[in-house]
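S.K.: quick one: sequence plus predicted model below, questions after.
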Amino acid sequence: MESRQHCAVQRGRITGMHEAGHSIVDIVRDLGLTRQTVKRWITRWQESSNMEDRRQPGRPRLTCEEDNARILANIERNPFTNSVAVREQLRLDLSARTVRRRLHDAGVHHHVPATKGNLEQRHVRERLEFAQNCIVKDLDF
């Protein structure tokens, strides 16, 4: 059962037990919830007959589902790009951080692969000389 469904079932049990005459202490003990939680849902049920979650405050998202799908499609076509490039390619009026958040929401945790610089000829020569000098030495060196 999903978490939201589980919560709805719990809330129904709380109100059902209360309407059946059980005390708050009995409900807390039987359902393993806190007293505050039980009181909150009983009060909300008595005031509005509503057991739904209230809308959470916060700023509305800057992207719609279509934008989120475009971001995801872009990163799937070109997996070695970054959020700044995605934002510029799609001409989105968002921050790169918002693009990264949308990718994380979709389960894409993008990382730029590590790259190593090529050795210069001087480095190759010095390493070879070092190895040749060490090969003739004993293990205690």
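M.R.: That came through fine.

S.K.: and the helix or strand hosting Arg102, what's buried?
M.R.: Assigned by DSSP states H and E, Arg102 belongs to helix 96-105. Residues of helix 96-105 classed as buried by neighbour count (16 or more other Cβ atoms under 10 Å): Thr98, Val99, Arg100, Arg101, Arg102, Leu103. Heads up, the C-betas are built off the backbone N, CA and C, glycines and all.

S.K.: with stretch 25-45 instead?
M.R.: Ile27, Val28, Leu33, Val38, Trp41, Ile42, Arg44, Trp45.

S.K.: could you export that stretch as CSV, CA atoms only?
M.R.: Extracted C-alpha coordinates of stretch 25-45, given in CSV (Å, rounded to 0.1, in the frame of the first residue of the first chain):
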residue,chain,number,x,y,z
VAL,A,25,-5.7,7.3,24.9
ASP,A,26,-7.1,4.1,23.5
ILE,A,27,-6.7,5.2,19.9
VAL,A,28,-3.1,6.2,20.6
ARG,A,29,-2.3,2.9,22.2
ASP,A,30,-4.1,0.7,19.6
LEU,A,31,-2.7,2.5,16.5
GLY,A,32,0.7,3.4,17.8
LEU,A,33,0.4,7.1,17.0
THR,A,34,1.1,10.2,19.0
ARG,A,35,-1.6,11.9,21.0
GLN,A,36,-1.0,15.1,18.9
THR,A,37,-1.6,13.3,15.6
VAL,A,38,-4.8,11.7,16.9
LYS,A,39,-6.2,14.9,18.2
ARG,A,40,-5.3,16.8,15.0
TRP,A,41,-7.3,14.3,12.8
ILE,A,42,-10.3,14.2,15.2
THR,A,43,-10.4,18.0,15.3
ARG,A,44,-10.1,18.3,11.5
TRP,A,45,-12.9,15.7,11.0
